[in-house]
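Enquirer: A predicted structure for the sequence below; I have some questions about it.
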Amino acid sequence: MDVFLFPFIGFAQEDTIQLRDELNFIFHLGESKQIDDLEFYSNQLLNDTIAFTQDFRDSVAFASGTLFADFKNTIKARHYFDLVSIHSVFKIPSAYTSGLMEMDEHKYDAAYQKIYDAPEAESGILFELRIFELAGLSLLKKDYEQFDQLATGFFPEDSTINAELKYLNDYSYLLQNMKKKSGFVAGALSAIIPGLGKVYTGLPGQALASFLKVVPLGIITAENYLHGGFKNVQFYIFGSLFSLFYIGGIWGSSISAQIVYQEKVDEIQHNIRVGLHVPVDRIFH
């Protein structure tokens with residue numbers, strides 16, 4: 001289990017025997033994969049506001065969130081991380097971990113808000129981490145103005161954050177300068193020469209495949225017409241196939257412009273999401 005909880009216990013509240021016992025039992029349930037019992041027992045502790053202090057319940061919520069994160073149950077993990085109170089020492093790792101879970105589900109506004117609402121640090125690595133994460137999430141939201149405000153003049157001392165920030169700047173440039181090819185032009189080119197529109201959109205392999213399907217069918221259709229005219233049954237058979245692939249090639253070329261553009265955007269956004277995980281995993285895990 002990924003138990004990065006224990007190094008923080010001494011700073012969160014008095015290190016009581018009861019807290020250690022409860023946490024040990026919670027992690028025992030987790031390691032035994034008794035997920036339903038883990039949820040039931042954690043909820044009992046969290047709902048008892050009389051017997052247990054807020055610090056105690058914050059520790060339980062954080063431990064439960066950690067375990068459900070290990071189980072890849074992001075819904076329940078986020079639920080427990082979000083229960084950690086704002087004044088807890090666990091609030092920052094909880095907010096960042098929960099926020100990145102939202103990000104991985106492409107809920108960029110929710111992710112941004114969780115990290116924005118987390119306690120701020122005036123300096124140091126947590127200060128740099130906050131700016132970096134908010135900048136990256138702004139980029140994922142395509143809020144380039146906000147990204148520039150955060151990233152311009154930001155020179156983190158932490159080597160990991162500094163390296164990942166350079167990637168963010170590169171991705172920002174690519175996203176803002178990437179041109180989407182015209183679907184109309186792609187379709188028109190394929191109407192003139194089958195497959196040419198796919199070359200225009202950057203898909204030479206598909207262009208060749210389209211050309212090798214459409215052109216031979218066109219030649220066979222023409223030969224059957226020359227040999228038998230409209231009375232030739234094979235003229236209609238091959239003519240229908242030619243028309244199908246010809247029109248399909250035009251349509252495919254026109255929509256490939258959007259598909260190719262979106263695939264490039266998706267790849268860049270995937271790289272951004274991976275990069276935003278790197279310093280968080282290193283610092284908190």
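Expert: Perfect, I can see it now.

Enquirer: Check the gap between the residue nearest to T16 when sequence neighbours are not counted and I283 for me.
Expert: Of all residues not flanking T16 in the chain, F56 sits nearest, at 7.9 Å (Cβ to Cβ, 6 or more residues apart in numbering). Bear in mind the C-beta positions are built from the backbone N, C-alpha and C, glycine included. The spacing between F56 and I283, counted by Cβ to Cβ, to the nearest Å, is 25 Å.

Enquirer: just Q54 next, same as before
Expert: 24 Å.

Enquirer: which of the two has more neighbours?
Expert: Under the criterion of other Cβ atoms under 10 Å, the comparison of Q54 against I283 puts I283 first, with 18 against 13.

Enquirer: Okay, and that one sits in which element?
Expert: helix 233-284 (DSSP states H and E).

Enquirer: For that helix, what does the pLDDT average out to?
Expert: Helix 233-284 carries an average pLDDT of 89.

Enquirer: Would you mind pulling up the elements that that helix packs against?
Expert: If you count contacts as 3 or more Cβ pairs under 8 Å, 6 or more residues apart in numbering; DSSP states H and E, helix 233-284 packs onto helix 91-104, helix 125-140, helix 159-177, helix 183-192, helix 196-200, helix 204-228.

Enquirer: what's the closest non-adjacent residue to M101?
Expert: T74 (4.6 Å).

Enquirer: separation between the one you found and L139?
Expert: 22 Å.

Enquirer: If you count surrounding residues, which of these two has more?
Expert: L139 (27 against 18).

Enquirer: Spatially nearest residue to the more buried one, not counting backbone neighbours?
Expert: F147 (4.9 Å).

Enquirer: Can you report how many residues lie near Y112?
Expert: 22.

Enquirer: measure it to V280 for me?
Expert: Taking Cβ to Cβ, one finds Y112 at 14 Å from V280.

Enquirer: Any regions of the chain where pLDDT drops low?
Expert: 1-15 (pLDDT under 70).

Enquirer: Walk me through the domains of it.
Expert: 1-119, 124-177, 183-269 (automatic domain parsing).

Enquirer: Now distance to L276 too, for those domains, in TSV please.
Expert: Compiled in TSV, these are given as follows (distance: least, Cβ to Cβ, whole Å):
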stretch	distance to L276
domain 1-119	6
domain 124-177	4
domain 183-269	11
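
Enquirer: Tell me which of the ones you listed lies nearest to G275.
Expert: domain 124-177 (4.6 Å; Cβ to Cβ).

Enquirer: Figure out the length between the terminal residues of that closest one.
Expert: Domain 124-177 has its terminal residues 33 Å apart, counting by Cα to Cα, to the nearest Å.

Enquirer: how far out from the middle of the chain is that domain?
Expert: 16 Å (Cα atoms, centre = their mean, to the nearest Å).

Enquirer: now do stretch 260-277
Expert: Counting by Cα atoms, centre = their mean, stretch 260-277 comes out at 7 Å from the chain centroid.
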